[in-house]
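Enquirer: test case, fold it:
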Amino acid sequence: MKKRILSILLATVIAVAMMPMTALAAPNDEHNVYGDLVKVAAGVHWFYNDTLVGKALKLGYEVEATKAVVKTAVVVDKTVKTKKAVDKVKLAKAISEAKIDIADAAGGNTDVVVGLLFDQGLDKVAKAKSVVCVEKIKKETIEAIEAIIAAKKQADEMIDQAVAGITYEVPLALAEDGHVAVAAAESCEAALVAAQEAVDKILPAIEKAKLDEMAQAVVIRCNTIKHKDCTEVYTTVTEGDLQTLLDAGYKAEYKFYRSEKNADYGYIFTSKTGKYFNDKGVKGQMYFYKAELTITDADGVVVAETALDNCKYGNRKLK
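Expert: The predicted structure is shown next:
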């Protein structure tokens, strides 16, 4: 009888020990197979060497623990791979959006510097390895583009303001040169410096053009005074402001002409004072006098010449 019982118990323990490891669950599993195994082992402890039972229990735990580790590793691996895939998608989206934002900032601007910043920004963004890096590059690129556009706009406005309402050829040509220099500037500072240099040339050119225009508006006439042995011929300004021109460094030169019949005037004298004393000729002869005025700037360049026909004559008999 005892042998039969022993055989049954031994078969049970061996069966339990040999059962598939998937049936050995952790203590908290729903069916608590582990608990049942412990009960069986406890029941035969007094009757059978418990070493085999202990090994069975330990083996069950180790198998389940191994499965848990493997399962966790798989989950972690899948999570890492999923995260990497998600990060790639996010990075690709960030790069695409950054390119659009940089293009919007450039706004189709044809400026060489803007184009260079645009190309450099796109190249750096395309090579970025993280979303954070993409955002940093985008921010720096857009700020640089906006800064150079704003600086050049300010510089161009400085030049345009200097020639506002001006129609003089030289100042307008200088303004155009200034705009070209601003466009070629490679930095914000260089653009503003180019504009200031242009303005420094434009303003004096405008004043010069105004003075030249003033010179062209001068009209003179001749007057005479009788002296004992001669006739004094002098000029006066009937239109314009010659004195302002002289004060500005311009110079005046007068050429006097004489006629006996108020026609076919012939040149007789050049004066820098606007006066001429005539003591030559036929006594008692009526002489008519006219003058031409030539105005030169401080550099000696002729800016205006009055026409002889516009000069009102002065006349007197030579005594």
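Enquirer: run a quick neighbour tally on the nearest residue to G178 once chain neighbours are set aside.
Expert: Counting by C-beta to C-beta, 6 or more residues apart in numbering, G178 lies nearest to A198, which is 2.6 Å off, once chain neighbours are set aside. Where C-beta positions appear, they are placed from N, C-alpha and C, glycine not excepted. For A198, the neighbour count with other C-beta atoms under 10 Å is 25.
Enquirer: what's the closest non-adjacent residue to V193?
Expert: In space, V193 is closest to A185, 7.7 Å off (C-beta to C-beta, 6+ apart).
Enquirer: ok, now which ones touch that neighbour?
Expert: 113, 152, 155, 191, 193-194 (C-beta atoms under 8 Å, 6 or more residues apart in numbering).
Enquirer: from those residues, which has minimum pLDDT?
Expert: For the contacts of A185, the model is least confident at V113; its pLDDT is 90.
Enquirer: how about that one: what's its closest non-neighbour residue?
Expert: Closest to V113 by C-beta to C-beta, 6+ apart is I148, at 5.3 Å.
Enquirer: distance of that neighbour from A183?
Expert: 11 Å (C-beta to C-beta, to the nearest Å).
Enquirer: now do T238
Expert: 48 Å.
Enquirer: looking at the two, which is more packed in?
Expert: Neighbours were counted for T238 and for A183 using other C-beta under 10 Å; A183 has more, 16 against 12.
Enquirer: may I ask you to confirm that that one is in contact with K152?
Expert: Yes: counting by C-beta atoms under 8 Å, A183 does reach K152; the two are 7.1 Å apart.
Enquirer: hey, what's in contact with both of those two?
Expert: Common contact partners of A183 and K152 (C-beta under 8 Å, 6+ apart): D111.
Enquirer: list the contacts for I295?
Expert: I295 touches 215, 218, 242, 245, 250-252, 302-305, counting by C-beta under 8 Å, 6+ apart.
Enquirer: how about the closest residue in space to R221 that isn't next to it in sequence, what does it touch?
Expert: In this structure, R221 finds its nearest non-sequential neighbour in K312, 3.8 Å apart by C-beta to C-beta, 6+ apart. By C-beta under 8 Å, 6+ apart, the contact list for K312 reads 221-222, 238, 290.
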